[in-house]
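Trainee: Pasting a predicted model and its sequence here:
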Amino acid sequence: FDAASIAEITKKYGDRLYSEGKYDEAVDQYINTIPQGEPSYVIWKFLDAQRIQNLRRYLEALHHKKYANEDHTTLLLNCYTKLNDLAEL
């Protein structure tokens, strides 16, 4: 399999975990799709305030792997603010 095919399989497994309410495991799978996966797909899934911690983990992974853009940075800073994580700000 090529990288794009593996990322698609991994994304589908993440979707399955997400649908089962296993959000921590799902975000781990979505992180494994970087850089092949589409960040906006994952961001929309976790944008719900109930999933802000998962969104934060995904955005931090985008930054760590050097695939984040300016919008991702802004969103990550907003996550830190909502979580009252002053150390990360």
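Mentor: Structure's in. What do you need?

Trainee: CA atoms for contacts and neighbours, from now on please.
Mentor: OK.

Trainee: Could you pull out the helices in the protein for me?
Mentor: Counting by DSSP state H, the chain has helices at residues 3-19, 23-32, 39-46, 52-64, 70-82.

Trainee: Which elements pack onto the second one?
Mentor: Using 3 or more C-alpha pairs under 8 Å, 6 or more residues apart in numbering; DSSP states H and E as the contact criterion, the neighbours of helix 23-32 among helices and strands are helix 3-19, helix 52-64.

Trainee: so can I have JSON lines of the ones you listed showing mean pLDDT, distance to residue 36 and mean neighbour count?
Mentor: Converted to JSON lines, the helices and strands packed on helix 23-32 look like this (pLDDT from 0 to 100; distance: least, C-alpha to C-alpha, whole Å; neighbours: other C-alpha atoms under 10 Å):
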{"stretch": "helix 3-19", "mean pLDDT": "97", "distance to residue 36": "6", "mean neighbour count": "16"}
{"stretch": "helix 52-64", "mean pLDDT": "97", "distance to residue 36": "11", "mean neighbour count": "19"}
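
Trainee: re earlier: for the helices of the chain, give me TSV that also has distance to residue 89.
Mentor: Compiled in TSV, the helices of the chain are given as follows (distance: least, C-alpha to C-alpha, whole Å):
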stretch	distance to residue 89
helix 3-19	28
helix 23-32	22
helix 39-46	20
helix 52-64	13
helix 70-82	7
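
Trainee: that older thread, okay, the helices and strands packed on helix 23-32 in JSON lines with distance to residue 37 next?
Mentor: JSON lines is the format used below for the helices and strands packed on helix 23-32 (distance: least, C-alpha to C-alpha, whole Å):
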{"stretch": "helix 3-19", "distance to residue 37": "6"}
{"stretch": "helix 52-64", "distance to residue 37": "11"}
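
Trainee: and residue 31, which of those is closest to it?
Mentor: For these, proximity to residue 31 was assessed by C-alpha to C-alpha; helix 52-64 is nearest, at 6.0 Å.

Trainee: tilt between the closest one and helix 23-32?
Mentor: For helix 52-64 and helix 23-32, the angle between their directions (axes from the mean of the first three to the mean of the last three C-alpha atoms, to 10 degrees) works out to 20 degrees.
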